[in-house]
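Student: Provide a 3D model corresponding to the input given below.
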Amino acid sequence: MKKLKILFCLILLPFFNIKGQINTYSPYSSFGLGQLHNCNSISNMSMGGLSISVSDHYSINYKNPATYSFLNQTSFELGLQSSFFNMSQDNLHQKNFVTSLSNIGLGFPISEKIGFTIGLLPYSSVGYSVKSQVLNHDEIGLVDYTYSGAGGLNKFIIGASWSLRKTDNMNISIGSNWSYFFGKMDKTTTISTANSSIDFREQESKMINDFNFELGLLFNYTRNDYIFNLGTTFTPKTNFESATNVFQHTYITSGGYESFIDTILYVTGDQAYITMPFSYGIGLSIESSEQWLVGLDYNYTNWQSTNIGSYMEDKSEIIFGAQFIPNKEDIHNYFNRVEYKFGCSYGFGYLDLANATGLNSELSLLKDIAVSAGLALPMNRVSSKANIGVRYGHRGYSGDNLIVENYFTFYLSMTLNEKWFKKRKID
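Tutor: Below you'll find the model as predicted:
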């Protein structure tokens, strides 16, 4: 198993540098594993993240691996996202902008009943810089605290799907993702006071790389001109190996330069386990043959069972999404072949704000409300598409001097489809 992990690290080494940059500016990313991503394609994100019961012949749905067997052609997708953050705390305001990789993946059918996919997606991001000032009554005076962090986790997926039963009006498919999580999270704490020339700094670096798997099931039933879809996913509870380096030291700042004084603590390669929670999801959708689709998803993650911190709480998310194609076969009007998508989501949990902030008040769970919209623009006659999406959301809690985040994310991806494994005929 260790040799296999080393092999994965060598293959994915270039992406460690990608995650070294700041991909978020959310102060809430200082808790847990950071700010969590949706881990899906932009086509699904444009519908609010609707995905558990949604199958597509020409694009990859990472959320439910049972959908891979529905691919008719080889599908390659590369996506990017740019986010604008507007954070406020009482009368303080801050705006930030980041651009990062959204997903890169390749999926293709092996036979009429078997599909295969590999993909790389961001799982979480850490990026924040927070300052606070506390009055110490032990003749020290005002103490300045600075907290900063960067990094996050990536998710490399190898998945397969198999149609157990495939008839003209019914399809039952199962699938599995074998996922490799890897990445590094850096966190720094600095303490200083005007009454002392000596400052203190703690630098903590946590490296995670381990495997997990998830299961998916999808049931499709066709009656007259309508298709009814029911899907479900499950991810078991898993322990991830982690290695932590901690360096605590004192120093003096003079003329813009730092002079090292003394090492207080130095720990390297401290091995431990991080408990990843079990999760499940269920989705229901109905569609008219290649014209419209509406659906509803529910996702639940048992974060309270992890050993990350006492401030973790179970998370629930409800998603509604829809798409509409006026006339997919219209060769005269391009906009009749465009897929129009929209959706909304409401999530609550992951963080118990009262415990996470240390405030003695009746705060609610961390909430994230968002609306999404997008277009899938056909590029040629083999169903390649350019996907454009936007998402506007509100995260946080506006009371008790906490930070409120309003964010706007722009998505762009190219989905290229081609026929592979095509048998040549010889006359």
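Student: can you give me the helices in the stretch 51-200 of the chain?
Tutor: Remark: helices of the stretch 51-200 of the chain are absent; assignment by DSSP state H, counting those that start in this stretch.
Student: Okay, now the unreliable bits of it?
Tutor: Scanning the stretch 51-200 of the chain for pLDDT under 70 picks out 137-139.
Student: Run a quick neighbour tally on Y68.
Tutor: 31 (other CB atoms under 10 Å). (Glycine included, C-beta is placed from N, CA and C.)
Student: residue contacts, it?
Tutor: By CB atoms under 8 Å, 6 or more residues apart in numbering, the residues touching Y68 are I60, N61, G107, G115, F116, T117, G159, A160, S161, G175.
Student: same thing but 6 Å
Tutor: Applying CB atoms under 6 Å, 6 or more residues apart in numbering, one finds that Y68 lies in contact with G107, G115, T117, G159, S161, G175.
Student: Go through those and flag which are in strands.
Tutor: Among the contacts of Y68, the members falling in strands (DSSP state E) are G107, G115, T117, G159, S161, G175.
Student: ok so, going back, report the two of the contacts of Y68 separated the most.
Tutor: Among the contacts of Y68, the pair separated by the greatest distance (CB to CB) is G107 and G175, at 11.2 Å.
Student: circling back: got the contacts of Y68 as JSON lines, with neighbour count and distance to N38 columns?
Tutor: As requested, the contacts of Y68 are exported to JSON lines (neighbours: other CB atoms under 10 Å; distance: CB to CB, whole Å):
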{"residue": "G107", "neighbour count": "27", "distance to N38": "18"}
{"residue": "G115", "neighbour count": "27", "distance to N38": "21"}
{"residue": "T117", "neighbour count": "23", "distance to N38": "17"}
{"residue": "G159", "neighbour count": "26", "distance to N38": "17"}
{"residue": "S161", "neighbour count": "29", "distance to N38": "20"}
{"residue": "G175", "neighbour count": "26", "distance to N38": "19"}
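Student: buried residues in stretch 247-256?
Tutor: For stretch 247-256, the neighbour count (16 or more other CB atoms under 10 Å) marks F247, Q248, H249, Y251 as buried.
Student: Please apply the same query to stretch 84-94.
Tutor: Buried, per 16+ other CB under 10 Å, within stretch 84-94: F85, M87.
Student: How far does that stretch sit from its chain's centre?
Tutor: 23 Å (CA atoms, centre = their mean, to the nearest Å).
Student: swap in stretch 58-65?
Tutor: 14 Å.
Student: Run through who's touching it.
Tutor: 40-41, 43, 51-52, 67, 75, 77, 105, 107, 117, 119, 159, 161, 175-177, 216, 231, 233, 383, 415, 417.
Student: ok, Q304 touching S316?
Tutor: No. Contact criterion CB atoms under 6 Å: Q304 and S316 do not qualify, at 11.9 Å.
Student: Between the two ends of stretch 333-344, what distance do you get?
Tutor: Length of stretch 333-344, first residue to last, CA to CA, to the nearest Å: 29 Å.
Student: cool, and stretch 273-284?
Tutor: So stretch 273-284: terminal residues 36 Å apart, CA to CA.
Student: Quick check: buried residues in it?
Tutor: Result for stretch 273-284 [16+ other CB under 10 Å]: buried residues I274, M276, P277, S279, Y280, G281, I282, G283, L284.
Student: for stretch 333-348, same thing?
Tutor: Quick answer for stretch 333-348 (16+ other CB under 10 Å): R337, V338, E339, Y340, K341, F342, G343, C344, S345, G347, F348.
Student: Please compute how far stretch 258-274 lies from its chain's middle.
Tutor: 30 Å.
Student: Now that stretch: buried residues?
Tutor: Neighbour-count burial for stretch 258-274 [16+ other CB under 10 Å]: I274.
Student: Show me what it is in contact with.
Tutor: 239-240, 242-252.
Student: Repeat that for stretch 103-121.
Tutor: Under CB under 6 Å, 6+ apart, the answer for stretch 103-121 is 39, 41, 60, 62, 68-69, 71, 74-79, 155-163, 420.
Student: how about a cut-off of 8 Å?
Tutor: 12, 15, 37, 39-42, 60, 62, 65, 67-79, 101-102, 154-163, 166, 175, 413, 420-421.
Student: Quote the end-to-end distance of it.
Tutor: The first and final residues of stretch 103-121 sit 5 Å from each other (CA to CA).
Student: mind listing what's buried in it?
Tutor: Neighbour counts over stretch 103-121 (16+ other CB under 10 Å) mark 103-105, 107-110, 114-117, 119-121 as buried.
Student: next one: stretch 143-151
Tutor: V143, S148, G149, A150, G151.
Student: quick one: the fourth one and M312, what's the gap?
Tutor: Counting by CB to CB, to the nearest Å, the gap between A150 and M312 amounts to 21 Å.
Student: Tell me who's in contact with D168.
Tutor: Contacts of D168 by CB under 8 Å, 6+ apart are T222.
Student: ditto for E317
Tutor: Applying CB under 8 Å, 6+ apart, the residues contacting E317 are G49, D297, Y298, N299, Y300, S345, Y346, G347, F348.
Student: and it, backbone torsions?
Tutor: Per-residue torsions, E317: phi -140, psi 130 (degrees, to the nearest 10).
Student: on that earlier part again, export the contacts of Y68 to CSV and append columns for distance to F84.
Tutor: As requested, these are exported to CSV (distance: CB to CB, whole Å):
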residue, distance to F84
G107, 31
G115, 36
T117, 31
G159, 32
S161, 36
G175, 35
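Student: quick revisit: for the contacts of stretch 258-274, which one is nearest T189?
Tutor: Distances from T189 to the contacts of stretch 258-274, taken as CB to CB, are shortest for Q248 (9.1 Å).
Student: and the closest one, helix, strand or coil?
Tutor: Following DSSP: H, G, I helix; E, B strand; the rest coil, the label given to Q248 is strand.
Student: list the contacts for it?
Tutor: Q248 is in contact with F200, R201, E202, Q203, T263, I264, L265, Y266, counting by CB under 8 Å, 6+ apart.
Student: Of the residues you listed, which belong to strands?
Tutor: F200, R201, E202, Q203, T263, I264, L265, Y266.
Student: Among these, give me the pair with the biggest separation.
Tutor: Pairwise over the ones in strands among the contacts of Q248, using CB to CB, the maximum falls at F200 and Y266, 14.2 Å.
Student: quick one: low-confidence ranges for the stretch 301-427 of the chain?
Tutor: For the stretch 301-427 of the chain, the stretches with pLDDT under 70 are 358-363, 381-382, 398-401, 420-427.
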